[in-house]
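Chemist: Okay, sequence plus prediction incoming.
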Amino acid sequence: MAHILIIDDSPTEQAGMSQMLHKHGHICSFANTGEIGVAASKKVKPDLILMDVVMPETNGFQATRKITKDPETSHIPIIMVSTKSQATDRMWGMRQGASEYLTKPVTEEILLAAVNKMLSK
């Protein structure tokens, strides 16, 4: 069982991913903006972060960079989960410090495989 922080501005996406994760025993916390997510990563100290890209104000790329560059949170793996599906988006996400990049809509099988892979490291 892991504590996973879902940073996504869509309540529907938050609910869908958390439902998949709860079925497998994980606990979820939520943030609906990149800035709130950065603050929550410091406060909650999750085992893993699921990060949307397209959000108002601080986007997922910026939030990922802030989390991975901060010594307090740099150890937390981040999986980007976004509708942005271009190769350049994936490359840019990985350059910001993401450990994995998934494209929405994500299936339970794909999400859990990525989560399990990150948690086993």
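Modeler: That came in fine, so what should we check first?
Chemist: need the helices for this protein, in chain order.
Modeler: 11-22, 34-44, 60-69, 87-95, 108-119 (DSSP state H).
Chemist: what's the most buried one of these?
Modeler: Ranked by mean neighbour count under mean count of other Cβ atoms under 10 Å, the helices of the chain are led by helix 60-69, which reaches a mean of 21. From N, CA and C alone the C-beta is placed, and that goes for glycine too.
Chemist: Tell me the gap between that one and the middle of its chain.
Modeler: How far helix 60-69 lies from its chain's middle: 11 Å, per Cα atoms, centre = their mean, to the nearest Å.
Chemist: Let me know the angle separating it from helix 34-44.
Modeler: 30 degrees (axes from the mean of the first three to the mean of the last three Cα atoms, to 10 degrees).
Chemist: What mean pLDDT does helix 60-69 get?
Modeler: Average pLDDT, helix 60-69: 98.
Chemist: Tell me which other helices or strands that helix touches.
Modeler: helix 34-44, strand 48-51, strand 78-82, helix 87-95 (3 or more Cβ pairs under 8 Å, 6 or more residues apart in numbering; DSSP states H and E).
Chemist: Count the neighbours of Thr83 for me.
Modeler: 13 (other Cβ atoms under 10 Å).
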